[in-house]
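[1] need a 3D model of the sequence below.
(chains A and B)
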Amino acid sequence: MSQASGEVAVVGVTKRFGETTAVKDLSLTIPHGSYCCLLGPSGCGKTTILRMIAGHEKPTSGDIRIGGQSVLGLPQVQRGTAMMFQSYALFPHRSVLDNVAFALKMRGASTADRHAKARELLTKVQLEKFADRLPTQLSGGQQQRVALARALITNPRVLLLDEPLSALDEYLRLRMRGELRRVQKELGITFVHVTHTQLEAIAVADTVVVMAHGHIEQAASARDIFVTPRNAYVARFVGGQNVLTGSVESVMNGVAAVAGKNGARYAIPVGGRHPRRGSPLWGSIRRDRIVIEKMAPGAKPTVGLNAVVGEVHTLENQGSYVKVTLDLADSEEFVAHVLDETFFAGSLDIGERVVARWSASDVKLLEDGPIAEEAAPAGAAMATAG
Amino acid sequence: MHGDDTRPWTFYAFAAFFTLFVLFLYGPMIVIYILSFQGPNGGMTFPLNGVSLHWFDALISQTRVGDIAGSFVRSIGLAAIVAVVTVVLSVLAGLAFRRRFRGSAFAFYLAIASLIMPGLFVGLGIALTFRLLGLPTEWYTTALGAQLTWTLPFGLLIMFAVLGRFNRSYEEAATDLGATNWQKVREVTLPILLPGIIGVALFGFTLSYDEIARTALAAGAKNTLPLEIWAMTTNVTSPTLYAVGAVTTIVSFIVIVVALGSIALVQRRRAAAGMRTE
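    From the prediction side, this is the model:
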C-alpha cells in the first residue's frame, strides 16, 4: 500500500476577494499523515485556505504544493484531495449507496464495481444497512459518516474537512471527533480540519494552527498551543489562560517583576532576556493553576506577589471543576478553574471579595510587541510582533 | 372579553375579509358551473329550467358559437410551446445570473422591465413590426413572442427564488468527486432543481393559457381560446358561454394536478430509490 505523499505546503499564499484580503502571505507545511486543525474565529481565513488546497479557490499569489508538487490549476482528481463539506452536501436525490459511489460513476466505473466498493466503505463506517436510504432519512451523525465514506472512496492522500462537526449536537460531536481521529490514524493520510471550536482542535489534532485576520498566530502541537500560547491573542482565543500585563520593575535571575494596573505585582519568567525597566510585558497563567482565597470582611487588600484581588462575578459549575470569573474592576476578566471538591468544600458566592494566587513557576512569557531589551547585543533575541 | 378567547379584533377583521374574498372568487364561478347545466329551454339566468348537458353538446356541434374546438387546440399547443421555451431559457438564464458578469444588473432589469409594460401595446407593437417587415402575424409567431415577453421574466424570477435556496456546495461536492461540468449539471444540479423547474413550466403554461392583453392584437387571424371566449361574451347569448367556462376550468385544473402530481412523483421516486438503487 504505497501511497503518494500527502504533505501539504502552503507557500507564501495571499488571497484577495475584491478589496478584502482573506489570507495574507501565509506559509504552512502540514506533514504527510498528520492531523492538522486550522483554528480561528469566523473570517480569519481558515476556510479560504482549505478551499484553496481543495482547488475551489485560486490563490491570488503564492503556491500550493501537495507531495512536493504544485497543484495550482489542477482538477481535484489529480490533486488527490477530497473534501467533506460543512453541511455534508450529500446529494438529496440519490441513495446513500449512490452518494458514496458517485466519484466512481463519474470515472465511468461499472455499476457492479462501484456499488461493491461503496458497500465496502459503508461497512467501514457501519452504515451498510442504510445503503438504500436517502440521506434525509439518516440522522446527523449517520450523514456525517456517509459524507466521510463518499470522500474516501477515491483513496485521497489529503482529506479536507470544513467544520465537520458543527452540524451535530454536543453528544455526537464529542463521539464523532474521536471517530475522525481514529479513521485518520487507520488510513494514515493527511487530515486538514477547519474549526472555530478550541477544544475540538485540541482534542483531535497533532498540529493546531491558530489564525487571525488571514495570518498565523501560532502553529504548534495541541499541547503547546494550550500550555504555552505564543501571545495574548492565542492565550485568550484558546482559553484556559489568563493574560497578565504590566510594566517591568526589575529583572533578577531570569524573572521579571511586573507591576499591573491595579497595584498587583507578578513575576514573569523571561529566560535569558533582559527587558528594560518600565517597558510593557505580557504573561499567561493557566486558569486551573489558581488558588482562590476568601477575604475576611473589612480586611485590607494586602496584595502580595503573584496575586490579584477581585470580586466574584459569575460561577459556572462545569462538573469536574467550577469556573469562577473575577471582576478586577479595571482590567479584563480573570478566570479560575477550581476543582469541584475544593469549591464545594468552601462556600464561595457571587459578590464576595477574594484573592487569587498562583505560583510564579506556572507563569509563561507571551510575545506581544517587541520586548525592549536592556544592553542587548544588536539585533539579538528580538521577538517580533505577531 | 375575558377567559380563553383572547383573539384580537384583527383576527375577526381578517376572517371577515377572507370570507368575502372566498365568496367573491368562488361564488360567481360556482354560479357559472351550475348554469352550464341549464336545460335546453333555459336562459342565461336562474331559475334552472331542467338539468342537461345540452350546452356542452352545443359547444362541440354548433359552428355558430365560434371555433371553440380549434381555438382550444391552438391555446393548448401555444401554452405547451411557451412552457418549454420558458423553462429552457429561464433555467439557463437563472444559472447564468448566479455569477456577476459585466452588465448583469442591466440585463436583469431590462428583462424584468417587460413585466410593467402595458401588455396591449406590447402586442400591438409586435404586430405592427411584423406587418412593417411584411411578415404574417400568426399565433405561433407574433403571439408566441408576445407571450414570452410575459412568461420569461416570471420564469426568471421563479428561478431566482429556486436557486436562492440551492446550496452551491452540492455542485462543489460534485466537482470534488471528479464530475465534469456537464456531469455536474446533469447528475446534480438539474435533478435537485427539478421540482422548481416543473413550477416554472406550470407558470409558463397557465400564464400563456389565459393570456389576453398581449395576445389580442398579435394573434393574427386565428384566435386563442381566451380571445374566442372574449368574442363570445359579446355575441353569444346562450348558456354555451357557461359551458365554455366550465370546460376551461377543468382543463386548468388538470394542468395543475398534472404539475403537482409530477412534483410528488419526483419526490416519491426519490424516496423509492430507497428500495432500488439505480
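[2] what about residue B:88, neighbour count?
    13 (other Cβ atoms under 10 Å in any protein chain shown). For every residue, glycine as well, the C-beta is placed using N, CA and C.
[3] give me the helices and strands touching the strand or helix carrying it, please.
    In the assignment (DSSP states H and E), residue B:88 maps to helix B:68-97. If you count contacts as 3 or more Cβ pairs under 8 Å, 6 or more residues apart in numbering or on different chains; DSSP states H and E, helix B:68-97 packs onto helix B:54-61, helix B:104-112, helix B:144-164, helix B:190-209, helix B:225-235, helix B:240-272.
[4] burial count for residue B:84?
    13.
[5] number of residues surrounding residue B:19?
    Neighbours around residue B:19, by other Cβ under 10 Å: 10.
[6] also residue A:314?
    12.
[7] ditto for residue A:128
    15.
[8] spell out which residues of the stretch 51-200 of chain A are next to chain B.
    Residues of the stretch 51-200 of chain A lying near chain B by Cβ under 8 Å from any Cβ of the partner chain: A:54, A:56, A:75-77, A:81-83, A:85-87, A:89, A:91-95, A:97-98, A:102-103, A:105-107, A:111, A:115, A:131-134, A:137, A:150-151, A:154.
[9] let's see 6 Å
    For the stretch 51-200 of chain A, the residues in contact with chain B (Cβ under 6 Å from any Cβ of the partner chain) are A:56, A:76-77, A:83, A:85, A:89, A:91, A:93, A:95, A:97-98, A:102-103, A:106, A:132-133.
[10] coming back round to it: and the helix holding residue B:88, what's its mean pLDDT?
    Averaged across helix B:68-97, the pLDDT comes to 92.
[11] show me how far that helix is from its chain's centre.
    9 Å (Cα atoms, centre = their mean, to the nearest Å).
[12] same check on stretch A:234-244?
    12 Å.
[13] and the helices in chain A?
    A:46-54, A:76-79, A:96-106, A:111-124, A:140-152, A:170-187, A:198-204, A:222-227, A:232-238, A:340-345 (DSSP state H).
[14] does residue A:16 touch residue A:58 like I think?
    No. In this structure, residue A:16 is not within contact of residue A:58 by Cβ atoms under 6 Å, at 11.0 Å.
[15] of the two, which one has the most company?
    Using other Cβ under 10 Å as the criterion, residue A:16 and residue A:58 rank with residue A:16 on top: 14 against 11.
[16] tell me the contacts of that one?
    residue A:60 (Cβ atoms under 6 Å, 6 or more residues apart in numbering or on different chains).
[17] beta partners for it?
    residue A:21 (DSSP bridges).
[18] for residue A:40, see how far away it is.
    From residue A:16 across to residue A:40, the span is 18 Å (Cβ to Cβ, to the nearest Å).
[19] just to revisit the earlier point, closest one to residue A:243 among the helices and strands packed on helix B:68-97?
    helix B:144-164 (43.9 Å; Cβ to Cβ).
[20] the helix or strand just after the closest one vs helix A:96-106, what angle?
    Next in sequence after helix B:144-164, counting helices and strands by DSSP H and E, comes helix B:169-176. With axes from the mean of the first three to the mean of the last three Cα atoms, to 10 degrees defining the directions, helix B:169-176 sits at 50 degrees from helix A:96-106.
[21] who's in contact with helix B:169-176?
    By Cβ under 6 Å, 6+ apart, helix B:169-176 touches A:56, A:76, A:83, A:85, A:89, B:184, B:188.
[22] return the set of buried residues in stretch B:179-191.
    Neighbour-count burial for stretch B:179-191, counted by 16 or more other Cβ atoms under 10 Å in any protein chain shown, picks out B:179, B:183-185, B:187-189, B:191.
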